[in-house]
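Student: structure of the sequence below:
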Amino acid sequence: MSLVSPGKDSCRRAVARYAPRSFRVRGSVLWLGLCVLLCGLPAGAQSQQSPAAMKAEGPVPDAQGTGTPAQGVLPERQSPGTISGVIVVPTGAVLAGARVTLTREDQSPARETLSGEEGQFFFAGIAPGPFQLVIASEGFATQTIAGVLHPGEDCVIPQIMLALATAITQVRVELTQVEIAQVQLSEEEKQRVLGIIPNFYVSYIPDAAPLTAKQKFELALKNTIDPVSFGINGAVAGFEQAGNGFSEYGQGAKGYGKRYGAAFADSVTGGFFGDALFPSLFRQDPRYFYKGTGSKRSRILYALANAVICKSDKGRWQPNYSGILGSIVSGGISNAYYPPQARGAPLVFEGAAIGIGASAAANIFQEFVVRKLTPNLPHSAKP
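Tutor: Numbering: from 1, shown residues only. This next block holds a predicted model:
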């Protein structure tokens, strides 16, 4: 910091105080002459005075008779000063736009400024005394500098270098709706009654994310080709063989093969149309959403209603177009491989109605029994 002598430029301050404003603007020559006149006259006059006269006169009293300088002359101990400096970064380049805040211990209002294009800042008219500078800029560590300003001093702060701020990175990872649906679907694919029978089309999460069309097809395929599904179709064909159902197929291995083929074709077409294609077209969810709360009556009504209604991909309840049409289309296709006595439109619609009733019964079974027999429930569905 540089220190300016209190007596320096006294002639200039004298001109500023005593010269009329109109006179001060006439040019450097008149200003210089007046300066010489004001600075020279007191010395000459004093040299001609006798010691007695000087003693008699004494100092010019102020308005309070204290003998201090005349009113209008600011004591040197109260002369304001300036504070300036330059802000740079670790590479040595100047930093423009840094916020510099000047505060004082006398509780005077804080002053702020921004560093200029050359990194410079400047405060003028600062009263003497302790001060504090706070330099802040985005991306850099805030720096505080304290000092004391002397009367009339032009305080130049040594070059201020702001260090880079410590990097604090917050990463928030959020799964997309598709990713959430995939996670929930993976948990559903672990659901097996008694740990064996697939129970993929039941969601124990009431607000589960909707499935994409791709996920609906993948779920239908996984359910169809599951080894247990092949075994169930084999059991159905065996019961029909034992009861001589669809007698036109005959008995023996050939008859059993036809019955097994028909049962497997029903599961494939029903899953493709009722659980994948139509749900994708109508944007409906083919799953049953477990209720699990409320009175038994409300749960029974909920299970029965879900045979003819379903959730849309937006979470709204609506008629189950995809499930009903899937049954009808699957029944129509079955006319190609069932015996003539089991064909025809009336049988197709009769089969669809029977399918709705079977779905209602299965939903009641899901609501009150299946959960107790399913060991691998989603984590969010556990009590």
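Student: all contacts plus neighbour counts: C-alpha atoms, from now on.
Tutor: Fine.
Student: buried set for the helix or strand harbouring Val183?
Tutor: Using DSSP states H and E, Val183 maps to helix 177-188. Neighbour counts over helix 177-188 (16 or more other C-alpha atoms under 10 Å) mark 180-182, 184-185, 187-188 as buried.
Student: now do stretch 284-300
Tutor: For stretch 284-300, the neighbour count (16+ other C-alpha under 10 Å) marks 284-291, 299-300 as buried.
Student: just the C-alphas of it, formatted as CSV.
Tutor: Extracted in CSV, the C-alpha atoms of stretch 284-300 (Å, rounded to 0.1, in the frame of the first residue of the first chain):
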residue,chain,number,x,y,z
GLN,A,284,-54.7,-50.8,-22.4
ASP,A,285,-52.9,-52.7,-19.6
PRO,A,286,-53.5,-56.5,-19.8
ARG,A,287,-52.6,-57.0,-16.1
TYR,A,288,-54.9,-57.5,-13.1
PHE,A,289,-54.1,-54.9,-10.4
TYR,A,290,-54.4,-56.5,-7.0
LYS,A,291,-56.6,-54.4,-4.6
GLY,A,292,-56.0,-56.0,-1.3
THR,A,293,-57.7,-53.3,0.8
GLY,A,294,-61.3,-52.5,1.8
SER,A,295,-64.2,-54.8,2.7
LYS,A,296,-64.6,-58.2,1.3
ARG,A,297,-67.7,-57.0,-0.6
SER,A,298,-65.8,-54.2,-2.3
ARG,A,299,-62.9,-56.5,-3.2
ILE,A,300,-65.3,-59.1,-4.7
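Student: returning to what we had before: and the helix holding Val183, how far out from the chain's middle?
Tutor: In terms of C-alpha atoms, centre = their mean, to the nearest Å, the centre of helix 177-188 is found 23 Å from the chain centre.
Student: whichever helix or strand comes after it: partners in the sheet, and parallel or antiparallel?
Tutor: Moving toward the C-terminus from helix 177-188, the next helix or strand (DSSP H and E) is strand 192-193. Each strand that pairs with strand 192-193, with its direction, by DSSP bridges: strand 197-198 (antiparallel).
Student: contacts for the partner strand next, please.
Tutor: When contacts are defined by C-alpha atoms under 8 Å, 6 or more residues apart in numbering, strand 197-198 is touched by residues 189, 191-192, 223, 226, 228-229.
Student: list buried residues within the residues you listed.
Tutor: 189, 191-192, 223, 229.
Student: which one among those residues gets closest to Pro210?
Tutor: Taking C-alpha to C-alpha as the measure, Pro210 lies nearest Glu189 of the buried ones among the contacts of strand 197-198, at 15.4 Å.
Student: can you put the contacts of strand 197-198 in TSV and add distance to His150?
Tutor: Output for these, formatted as TSV (distance: C-alpha to C-alpha, whole Å):
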residue	distance to His150
Glu189	81
Gln191	82
Arg192	86
Asn223	88
Asp226	90
Val228	93
Ser229	94
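Student: wait, which of those is closest to Ile354?
Tutor: Nearest to Ile354 among the contacts of strand 197-198, with distances taken as C-alpha to C-alpha, is Ser229, at 20.9 Å.
Student: that closest one: what's it in contact with?
Tutor: 198, 223.
Student: that one: which element?
Tutor: Applying DSSP H and E, one finds Ser229 within helix 227-242.
Student: same thing with Ala353?
Tutor: Going by DSSP H and E, Ala353 is part of helix 345-368.
Student: check Lys216 too.
Tutor: Judged by DSSP H and E, Lys216 forms part of helix 213-224.
Student: what are the buried residues along that helix?
Tutor: Buried-residue list, helix 213-224, by 16+ other C-alpha under 10 Å: 213, 215-217, 219-221, 223-224.
Student: for stretch 155-165, list the C-alpha coordinates in PDB.
Tutor: This file holds the C-alpha atoms of stretch 155-165, laid out as PDB (Å, rounded to 0.1, in the frame of the first residue of the first chain):
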ATOM      1  CA  CYS A 155      -4.400   2.400  -0.900                       C
ATOM      2  CA  VAL A 156      -3.400   0.000  -3.700                       C
ATOM      3  CA  ILE A 157      -4.100  -3.600  -2.800                       C
ATOM      4  CA  PRO A 158      -1.500  -6.000  -4.100                       C
ATOM      5  CA  GLN A 159      -2.600  -8.200  -7.000                       C
ATOM      6  CA  ILE A 160      -5.500 -10.400  -5.800                       C
ATOM      7  CA  MET A 161      -5.600 -13.900  -7.200                       C
ATOM      8  CA  LEU A 162      -8.800 -15.900  -6.900                       C
ATOM      9  CA  ALA A 163      -8.400 -19.600  -6.600                       C
ATOM     10  CA  LEU A 164     -10.700 -22.000  -8.400                       C
ATOM     11  CA  ALA A 165     -13.700 -23.100  -6.300                       C
END
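Student: now it: mean pLDDT?
Tutor: Average pLDDT, stretch 155-165: 92.
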